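Participant: sequence first, predicted coordinates after that:
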Amino acid sequence: MGDMANNSVAYSSVKNAVKEANHGDFGVTLAELRSLMELRAADALHKIQECYGDVHGICTRLKTSPNEGLSGNPADIERREAVFGKNFIPPKKPKTFLQLVWEALQDVTLIILEIAAVVSLGLSFYQPPGGNESLCGSVNVGEEEEESEAGWIEGAAILLSVVCVVLVTAFNDWSKEKQFRGLQSRIEQEQKFTVIRGGQVIQIPVADIIVGDIAQVKYGDLLPADGVLIQGNDLKIDESSLTGESDHVKKSLDRDPMLLSGTHVMEGSGRMVVTAVGVNSQTGIIFTLLGAGGDEEEKEKEKEKKEKKSKKQDGAVENRNKAKAQDGAAMEMQPLKSEDGGDGDEKDKKKANLPKKEKSVLQGKLTKLAVQIGKAGLLMSAITVIILVLYFVIDTFWVQKRPWLAECTPIYIQYFVKFFIIGVTVLVVAVPEGLPLAVTISLAYSVKKMMKDNNLVRHLDACETMGNATAICSDKTGTLTMNRMTVVQAYINEKHYKKIPEPESIPEKTMAYLVTGISVNCAYTSKILPPEKEGGLPRHVGNKTECALLGLLLDLKRDYQDVRNEIPEEDLYKVYTFNSVRKSMSTVLKNSDGSFRIFSKGASEIVLKKCFKILSANGEPKVFRPRDRDDIVKTVIEPMASEGLRTICLAFRDFPAGEPEPEWDNENDIVTGLTCIAVVGIEDPVRPEVPDAIKKCQRAGITVRMVTGDNINTARAIALKCGILNPGEDFLCLEGKDFNRRIRNEKGEIEQERIDKIWPKLRVLARSSPTDKHTLVKGIIDSTVFDQRQVVAVTGDGTNDGPALKKADVGFAMGIAGTDVAKEASDIILTDDNFTSIVKAVMWGRNVYDSISKFLQFQLTVNVVAVIVAFTGACITQDSPLKAVQMLWVNLIMDTLASLALATEPPTEALLLRKPYGRNKPLISRTMMKNILGHAFYQLVVVFTLLFAGEKIFDIDSGRNAPLHAPPSEHYTIVFNTFVMMQLFNEINARKIHGERNVFEGIFNNAIFCSIVLGTFVVQLISTIPTSRLKFLKEAGHGTQKEEIPEEELAEDVEEIDHAERELRRGQILWFRGLNRIQTQIRVVNAFRSSLYEGLEKPETRSSIHNFMTHPEFRIEDSEPHIPLIDDTDAEDDAPTKRNSSPPPSPNRNNNAVDSGIHLTTDKNKSATSSSPGSPLHSLETSL
């Protein structure tokens, strides 16, 4: 400080020289003013006297006149803005959509999926070279053209699901960001304020106020900048938005001249010199700490880095890594100059290395689960590949004893790639693609629905974290109570009314005294105005206690305004205003006949002592002895006080007309010998729905604590009414001072061990400062008393609650009473300021958690079964019974729809009957594990029975041992259909995860669920019916050729080209093909090499081509489709259309003999099919 004084002396000596040289130089720097504004009361006065002399000294240095104000010269204004800043708080930079997309992509599950998809896509485009395969072993790896072309679908579909998830997530976040762009109405930009410029009183927009302005403040103003009082008349300020203190602070030049931005003027008027604006004002500093000013924050971070380098050993580096997901503010605020005490070097160093985002409970568990599933999938796929490779190698080189030929290497590589693709399929099946989508859908759906329950969710994951909350630290005023002082009990005419009496029950005389006494003996600035919004409560303006009394008149169906109109303020003869010494207020009225009447009101124990009479039951005064007074104190006042009521006594006295006028200045003689009219009990009533809500919280395993600035007796009484405290329980109620004393060591540092001794039993913290609230929240979160880390929710409405809201796992801000700072720091905004909405948030949070669990139970059953089936199938039959595309149908379509179905289950009250899950409990409970494994076992039994015995049961051809990637047979279609249907009905089982017996309970409450299950069922049915059975589709496709095809053949087609038929034929051919493939090839080639008729005469070929004779017009070209090769069957699938175009290159890579060039044109009119009777295929069968 000495330095500063020296500076100022040095400055004043060179003042004039500098003045010319540099306009920017004022007699005080921005930093000095900023540090001055952080001081309060006596400290501030001391500093002003020491450094500046008095307020006028500050004005001189700021080159402004206390009476005339600034000149208003534009150049001067510009210079001041350059030096001290503008009165504007820059909004936080919103994240761009791409940033949000990038954030969404960081999800572990998505990364695993992306990798699987890319590998799968890459492999689908890999086309291996051919080779002479007859020499290279006979392991069948025939591949369908159709199937190889469809290979890319799998990878693309996974990528598509990833894109969907990312876009949905990013869009959700983006729309939330947009809703909260900036603070709702940044310190009311439209608001004007009165300043003096050039001796004129003018109104200017708040943003134009600059340092050095002389501002006029009056009752009802919201101060737009920080300043120092120059002159004031009975000025009282409500600083609760900054300090949390509910009592109004009296401002005067000799006690506390510091006026702060964001505070309300409650009484009086005055002038102040503006000393800090915008980001340098107290509100601005808090905003900056919350990350509103983006650039400031960057600078702060830079500073911080430097500081950290220089102070590596310093333990007091606060942990500034904010644990709020999706919130850019990386700094945590220390409320107004209070240091939070070092937690020891080690902790801070550890914390400094923490990642910025701490995952929400569910996110953490899901990430862990995704990694575990990924590892398991990788293991399974690796085993699959190894088994397949070993099987191939042993079979080829061991059993068949073949040498490894150089020209065969590409073919062997092709085999290995195929095996690798199967492995990737197993991996893809293992990873639950639907999971991220389920989470996103569930959260987005809940957030939308929570809006209806008055919860405006700002950060998606807050809604789910709320389901795990174990503690709620709630404000009292406005959240648990209505924030309106109200008369709730009264003692009138010797009768104690526990609620407001009916107007008829009060004698007319008494009523007249009451109405006049309250109307004139309350400050005329106190009034009750109609509500701002329709359906809201009336607004109380002025002194809250007086508003309560005026409210009593309105409840008694009387209007105080009529009396005030009759007796305007200037007609009041004498007023003894309320002060803390008198503890009462009295007003003297002069009647028309020259008599006087004095009305008095004040603290009941003080006013009652001055009462010598009381109004009796009929409204007439009667004697009031000290004994009667003691009775009233015992029977009325003490019971009221014990219930947390503030008691006020109303009284009057008449001075008859004939007597000489009293000595008005001798107050003690005047305000005595009073007649008591009534004693009323005033309280801020508990919201009617709160006790029930708190009971629900306690049943749900959530501890509710009250943290309030009010006194401890009122707080305790309200806590009892709410049910936070119950009689006979062993709980702590502490005041802030006491709390601080208990948690700090000798050096004044906060110790976690000390907090741990207090918080488990603490239920009420009264007279608490914002720092206490922040300390308590931090202490509970960092505590290790219980094995579960506590999840803390905090409610707040004032600017002072910002740090605690930010620190908490979930911060609730009040939408109506809340300040902008509180809203900016919060995760959820309660649009109705009501505690019951918090209970709704808990319910929705738990519902999200349950929805995800339901989906997991469903998804993992599918995955376990699919992986095992794919694995065993690939190992035993060399092919997965469930094709990649089929698996995708199950994985993507069904799971996505299932996630939608299960994520939209509405919450029920039953959710509040169990304890929170906590952070360490696994996502998959024992019951769920039992359900998953039990159902998987049942499904596997069914699938394997069908797989290995299905052909016997249904009397169809076996689909096993078909070449790899052959199109699905009838047998495998049955397997696939059964598999899908089991999943579909498992979806209904998955609706219950806590071991309930009745899975159908409440199923019709969720229309989305019903329609999805039904829809999937129908689509599945349609998708597995062979196309040939749907005759109308066939005709629609091939309309042009209908006339060209003879009817008998068309009928034959319908019968014969049916999938099932073809599969049947294929089954019969399989064994033949193995024996005779090479032989047949040679025969056919020989047949073509020799002339046609010569060929017919040779005995060995007659069997295959004898039926040329039955078709005299049959041309040589027709022979191509006749060669009985199993891989050609799909060429015959839609024979008529294919024959029109140029013939397809033969997809058969194993039969090189045929590939050697028999591509001959075919007769358009002939749809010769290999399976019609009399075809070569038929004759081969018969001859064999």
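Facilitator: Received it, and whenever you're ready, just let me know what you need. Numbering: from 1, shown residues only.

Participant: spell out for me which residue occupies the centre of this protein.
Facilitator: Most central in the chain under C-alpha atoms, centre = their mean is Leu460, positioned 2.0 Å from the mean C-alpha point.

Participant: which one is that one nearest to, not counting chain neighbours?
Facilitator: Computed as C-beta to C-beta, 6 or more residues apart in numbering, the closest residue to Leu460 that is not its neighbour in sequence is Leu443, at 4.8 Å. C-beta coordinates here come from the backbone N, C-alpha and C atoms, glycine included.

Participant: hmm, back to that, separation between the residue nearest to the centre of the chain and Ile441?
Facilitator: To Ile441, Leu460 is 11 Å away according to C-beta to C-beta, to the nearest Å.

Participant: ok, Met585 touching Ser600?
Facilitator: Yes: counting by C-beta atoms under 8 Å, Met585 touches Ser600, with 7.2 Å between them.

Participant: between those two, who's got more neighbours?
Facilitator: For Met585 versus Ser600, the count of surrounding residues by other C-beta atoms under 10 Å is larger for Ser600: 28 against 20.

Participant: distance of the more buried one from Glu620?
Facilitator: Distance check for Ser600 against Glu620: by C-beta to C-beta, it reads 20 Å.

Participant: equivalent analysis for Gly673, please.
Facilitator: From Gly673 across to Glu620, the span is 17 Å (C-beta to C-beta).

Participant: what about Ile528, helix or strand, and which?
Facilitator: strand 527-529 (DSSP states H and E).

Participant: buried residues, that strand. List them.
Facilitator: Neighbour-count burial for strand 527-529 flags Lys527, Ile528 (criterion: 16 or more other C-beta atoms under 10 Å).

Participant: how far does that strand sit from its chain's centre?
Facilitator: When distances are taken as C-alpha atoms, centre = their mean, to the nearest Å, strand 527-529 is centred 39 Å away from the chain's centroid.

Participant: got it, and stretch 387-406?
Facilitator: 57 Å.

Participant: just the CA atoms of it, as CSV, please.
Facilitator: The C-alpha atoms that make up stretch 387-406 are tabulated as CSV, following Å, rounded to 0.1, in the frame of the first residue of the first chain:
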residue,chain,number,x,y,z
ILE,A,387,-9.1,-72.2,-35.9
LEU,A,388,-10.1,-71.7,-39.6
VAL,A,389,-6.5,-71.2,-40.7
LEU,A,390,-5.3,-74.3,-38.7
TYR,A,391,-8.2,-76.4,-40.1
PHE,A,392,-7.3,-75.3,-43.7
VAL,A,393,-3.6,-75.9,-43.3
ILE,A,394,-4.0,-79.3,-41.6
ASP,A,395,-6.6,-80.4,-44.1
THR,A,396,-4.7,-79.2,-47.2
PHE,A,397,-1.1,-80.0,-46.4
TRP,A,398,-1.5,-82.8,-43.8
VAL,A,399,-4.6,-84.8,-44.7
GLN,A,400,-4.4,-84.3,-48.5
LYS,A,401,-0.6,-84.2,-48.4
ARG,A,402,-0.3,-81.4,-51.0
PRO,A,403,2.9,-79.5,-51.5
TRP,A,404,2.9,-75.7,-51.2
LEU,A,405,3.2,-74.6,-54.8
ALA,A,406,4.4,-71.1,-55.7
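
Participant: in it, what counts as buried?
Facilitator: For stretch 387-406, burial by neighbour count (16+ other C-beta under 10 Å) applies to Ile387, Leu388, Tyr391, Phe392, Val393, Thr396.

Participant: farthest-apart pair in these, please.
Facilitator: The span of the buried residues of stretch 387-406, defined through C-beta to C-beta, is set by Ile387 and Thr396 at 14.8 Å.

Participant: overlap in contacts, Met585 and Ser600.
Facilitator: Taking C-beta atoms under 8 Å, 6 or more residues apart in numbering as the contact criterion, the residues that touch both Met585 and Ser600 are Asn521.

Participant: which residues in the stretch 451-600 of the chain form strands?
Facilitator: With DSSP state E, counting those that start in this stretch applied, the stretch 451-600 of the chain shows strands at 455-457, 471-474, 486-492, 495-497, 527-529, 539-541, 574-576, 584-590, 596-603, listed in chain order.

Participant: I misspoke; the intended subject was the stretch 101-250 of the chain.
Facilitator: Listed in chain order, the strands of the stretch 101-250 of the chain (DSSP E, counting those that start in this stretch) span residues 192-197, 200-205, 214-218, 226-238, 249-251.
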